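> I'd like to go over a predicted model; first the sequence, then the structure.
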Amino acid sequence: MDRPSVIHKTSSDLCVLPNWTDYDQECSHFSWDVARQALQGLPGGGLNMGFEAVDRHADGALRDHIALRFVARGMPAQEMSFVQLQRETNRFANVLQNLGVVKGDHLFVLAGRIPELYISVLGALKNGTVVTPMFSAFGPEPIATRINLGAGQVLVTTDLLYKRKVKQIREQMPSLRYVLLVAEGGGSTSEPVTLDWRQLMDSASETFCTVSTLPEDPALLHFTSGTTGAPKAAIHVHGAVVAHYATGRYAIDLHPQDRYWCTADPGWVTGTSYGIIAPLLHGVTSLIDREEFDAERWYSLLEEERISVWYTAPTAIRMLMKYGASLAQQHSRPALRFIASVGEPLNPEAVWWGKEVLGLPIHDNWWQTETGGIMIANTPAFDIKPGSMGRPVPGIEAMIVERLESEGEPPRVRIVDRPNVDGELALKAGWPSMFRGYLNNEARYQKCFADGLYLTGDLARRDADGYYWFVGRADDVIKSAGHLIGPFEVENVLMEHPAVAEAGVIGKPDAVVGEVVKAFISLKHGYVGDEALRLDILAHARKRLGAVVAPKEMTFIVTMPRTRSGKIMRRLLKARELGLPEGDTSTLETSA
Ligand code: ATP
Ligand code: MG
């Protein structure tokens, strides 16, 4: 279906006055120093992420406002106000102090989205202890690899996860001094060489003076999604909190009266930066659902929990689309006013589906584990061009560059001034949430920078209006008969076909043209992947893309291989197609 190239904001899209409306003016006035003034800071120039997220409100007007609301199937909802969260995080910080765990030590959390995870992360931050939340679905191997890389001293997990995954590898993690167990069924735990989380909490004081951390002190260690290879460990500092605050305001338009739901797990950077820190900074009530994706449940939550701002991922939106409009129409969304998404390119089809079926366009935004926060976004301040990831948020200078051939290190680049030219997306280095290193891999870190720019490894183009368009990851771009083909462009067109639920496109080596475009397709409910449908989809792609860019080959698959953060693993599609080793699959969704 031909649709307009711009979604103009209407009054129903903006039923609450947004935090900002004038992009150019806000960008020209913005400075990170001024942005920091919205936060309180610690005496003597200190800054602490946990303090800003919790104590600033607990000691102020939002003291009794609900900060976190936990829901799980078959259980009553559990709520925590800012002051309750302050007491609990203080207790946990004291637990760490009592154990002799100090500033700069490293704590890992392996748990589902239970209150204890959130308390442990925030309490550790207040103690200056560096934190890594891990996906609870990880198997023993990825757990040990991560704890060993980060030389973790403390692990917080549950008794059940410990018995299933950690006990047998405990000896392989020599740095681990303490394992704190949360009893999943309540009561207490009695596993040898572990401590009981609840018992320690019960005997700890609920007052605590936040450890003095400086903006450059490490706060979080996040592992990348592992989409293109083995996950890398990105170091983030307490000063990142300024970017979490600013982007919570600009890119997801948080207002204190919001009921906000970020569907990401804290094992992925999104679930920490925007599932824990940013909403608390803005004093909003955050919904935390313990369960995994379930279309019916998600629609019920949007309705019954009266969610007003919803931050989710393209995979989830595509899955909802797979269930069709009728399920969406069986539910109302009485408070929903703003939807945003991150993690993968958001196909124009999905943006329009939001507008037509949910009644609101979806605001795609772009960032990475390394950037720590949202960098480029569709925001309430300007119209959406479906398929574009939007414009740089205030304080972020983005550009398209071309890498120059350079012998050895460091890399060199040339800035591409003209619009609509494909090149590597680069950001002017120095925003507060920029990673400060890849742990134990300084050489790789250095390779990400050239001439004061951070090189993202993603290819994009900027149009004449300053909107950025994702082309593909540098590793995924297909070279066919002298053309560079971005898989996203091909996937978008495949997604337009009414039968297609998801598309993953790779380049398959070919002796004549270098690479041929091959598509993997999963179908919507009710469609059968027979030869007639295959030819029909290929014909649709050829008509829309031309013979050079359209896929030459296509295979139907039932499930797309994807990371736990919901990204299509094209490298796995390729390895499987070519019969090559699969490489690091620690973050593969079905691997646990
Ligand atoms: P790894 O670096 O281990 O291969 P990863 O890059 O997938 O994994 P993340 O940091 O979670 O790990 O993801 C960042 C990447 O996700 C970006 O570099 C980009 O390729 C992709 N991405 C995120 N948001 C968007 C978006 N809105 N549009 C297009 N791509 C996006
Ligand atoms: Mg990456």
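Cool, the structure landed. Ligands and ions are numbered 1, 2, ... in the order given.

> low-confidence ranges, the chain, go.
In the predicted model, the chain carries pLDDT under 70 at residues 1, 408-409, 590-592.

> show me which residues of it sit near ligand 1.
By CB under 6 Å from any ligand atom, the part of the chain that sits against ligand 1 consists of 224-229, 231-232, 342-345, 364-366, 368-369, 389, 456, 458, 470, 473, 565, 567. In short, each C-beta sits where N, CA and C put it, glycine included.

> buried subset of those residues, written for PyMOL?
In PyMOL, this line selects whichever of these come out buried by 16 or more other CB atoms under 10 Å:
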select buried, resi 224+225+226+227+228+231+232+342+343+344+345+364+365+366+368+369+389+456+458+470+473+565+567
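
> among the residues of the chain next to ligand 1, which ones are in strands?
Val342, Asp364, Asn365, Trp366, Thr456, Asp458, Phe470, Arg473 (DSSP state E).

> ok, the residues you listed vs Lys543, which is closest?
Ranked by distance to Lys543 (CB to CB), those are led by Phe470 at 23.3 Å.

> what sits against the residue nearest to that closest one when sequence neighbours are not counted?
Computed as CB to CB, 6 or more residues apart in numbering, the closest residue to Phe470 that is not its neighbour in sequence is Pro345, at 4.6 Å. When contacts are counted by CB atoms under 8 Å, 6 or more residues apart in numbering, Pro345 touches Pro314, Asp364, Gly387, Met389, Phe470, Phe488, Glu491, Asn492.

> my guess is Pro115 meets Ala77, correct?
No - Pro115 is not in contact with Ala77 according to CB atoms under 8 Å; the separation is 11.2 Å.

> what do the two both touch?
Common neighbours of Pro115 and Ala77 (CB under 8 Å, 6+ apart) are Phe70.

> which one's more surrounded, those two?
Using other CB atoms under 10 Å, the more surrounded residue of Pro115 and Ala77 is Pro115, with 18 against 11.

> residues touching the more buried one, list them.
By CB under 8 Å, 6+ apart, the contact set of Pro115 is Leu68, Phe70, Gln78, Met80, Glu88.

> all the helices of the stretch 1-150 of the chain, in order from the start?
Here the stretch 1-150 of the chain has its helices, by DSSP state H, counting those that start in this stretch, at 23-29, 32-36, 49-50, 56-58, 82-99, 115-126, 140-149.

> and those: which comes nearest Glu303?
Taking CB to CB as the criterion, Glu303 comes closest to helix 115-126 out of the helices of the stretch 1-150 of the chain, the separation being 23.7 Å.

> what inclination does the closest one have with respect to helix 82-99?
Angle of helix 115-126 versus helix 82-99, following axes from the mean of the first three to the mean of the last three CA atoms, to 10 degrees, is 70 degrees.

> now helix 115-126: buried residues?
Pro115, Glu116, Leu117, Tyr118, Ile119, Ser120, Val121, Leu122, Gly123, Ala124, Leu125, Lys126.

> what's the closest of these to ligand 1?
Nearest to ligand 1 among the buried residues of helix 115-126: Val121, at 18.2 Å, using CB to the nearest ligand atom.

> can you tell me the closest non-neighbouring residue to Tyr245?
Nearest non-adjacent residue to Tyr245 (CB to CB, 6+ apart): Leu281, at 4.7 Å.

> measure the one you found to ligand 1 for me?
Computed as CB to the nearest ligand atom, to the nearest Å, the Leu281 to ligand 1 distance reads 21 Å.

> kindly report the same for Gly139.
18 Å.

> and that residue, how many neighbours?
Neighbourhood size, Gly139 [other CB under 10 Å]: 13.

> give me phi/psi at the closest residue to Asn90 other than its chain neighbours?
Residue nearest to Asn90 in three dimensions, not counting chain neighbours: Phe208, with 3.7 Å by CB to CB, 6+ apart. The phi/psi pair for Phe208 (degrees, to the nearest 10) reads phi -160, psi 140.

> Phe208 touches Lys126, doesn't it?
Yes - look at Phe208 against Lys126 with CB under 8 Å: they come within range, at 6.5 Å.

> list the residues that contact both of those two?
With CB under 8 Å, 6+ apart as the test, Phe208 and Lys126 both reach Thr89, Asn90, Ala93.

> name the residue of the stretch 1-150 of the chain that lies nearest to ligand 1.
Phe135 (12.1 Å).

> list the residues that contact that residue.
For Phe135, the contact set (CB under 8 Å, 6+ apart) comprises Asp265, Gly267, Trp268, Arg564, Thr587.

> please name the nearest non-neighbouring residue to the second one.
Same thing as Gly267. Phe135 (3.4 Å).

> nearest residue to the most centrally placed residue in the chain other than its sequence neighbours?
Nearest residue to the geometric centre of the chain (CA atoms, centre = their mean): Thr270, 2.9 Å. For Thr270, ignoring the flanking residues on the chain, the nearest one in space by CB to CB, 6+ apart is Ala264 at 3.9 Å.

> how close does the one you found sit to Ala325?
Distance of Ala264 to Ala325, computed by CB to CB, to the nearest Å: 25 Å.

> those two - which one has more neighbours?
Set Ala264 next to Ala325 and count neighbours by other CB under 10 Å: Ala264 wins out with 23 against 13.

> got the phi and psi for the spatially closest residue to Asp510 that is not a sequence neighbour?
Distance criterion CB to CB, 6+ apart; nearest residue to Asp510, sequence neighbours excluded, is Val516 at 4.6 Å. Torsion angles at Val516 (phi, psi; degrees, to the nearest 10) stand at phi -110, psi 150.

> quick check: Val516 touching Ala550?
No - the pair Val516 / Ala550 is not scored as a contact, 10.4 Å apart, by CB under 8 Å.

> more neighbours, these two?
Ala550 (21 against 17).

> and the next helix or strand past the helix or strand Met554 falls within?
Using DSSP states H and E, Met554 maps to strand 553-556. Following strand 553-556 in sequence order, the next helix or strand is helix 570-578 (DSSP H and E).

> what helices or strands is that next one leaning on?
On a contact count with 3 or more CB pairs under 8 Å, 6 or more residues apart in numbering; DSSP states H and E, helix 570-578 meets strand 500-510.

> may I have the beta-bridge partners of whichever residue of the stretch 451-592 of the chain sits closest to ligand 1?
Nearest to ligand 1 in the stretch 451-592 of the chain, going by CB to the nearest ligand atom, is Phe470, at a distance of 3.9 Å. Beta bridges link Phe470 to Ala460, judged by DSSP bridges.

> now do the contacts for the residue nearest to Pro394 when sequence neighbours are not counted.
Once flanking residues are discounted, Pro394 sits nearest to Phe30: 3.7 Å by CB to CB, 6+ apart. Phe30 sits next to Ala246, Pro394, Gly395 when contact means CB under 8 Å, 6+ apart.

> which of those residues fall in strands?
Using DSSP E, no member of the contacts of Phe30 falls within strands.

> who wins on neighbours among the residues you listed?
For the contacts of Phe30, neighbours tallied by other CB under 10 Å; top is Ala246, 27 neighbours.

> show me the contacts for that residue.
Phe30, Trp32, Ala35, Ala38, Gly373, Val393, Pro394, Gly395.

> separation between the first one and Val237?
Distance check for Phe30 against Val237: by CB to CB, it reads 20 Å.

> please apply the same query to the fifth one.
Gly373 sits 12 Å away from Val237, taking CB to CB as the criterion.

> more neighbours: the two, which one.
Gly373 (31 against 23).

> tell me the contacts of that one?
Contacts for Gly373 (CB under 8 Å, 6+ apart) come out as Ala240, Ala243, His244, Ala246, Thr247, Ser273, Ala278, Trp367, Trp431, Ser433.

> quick check, Glu303 in a helix?
Yes - Glu303 sits within a helix when classified using DSSP: H, G, I helix; E, B strand; the rest coil.

> pretty sure it sits against Ser332.
Yes - using CB under 8 Å, Glu303 makes contact with Ser332 at a distance of 5.5 Å.
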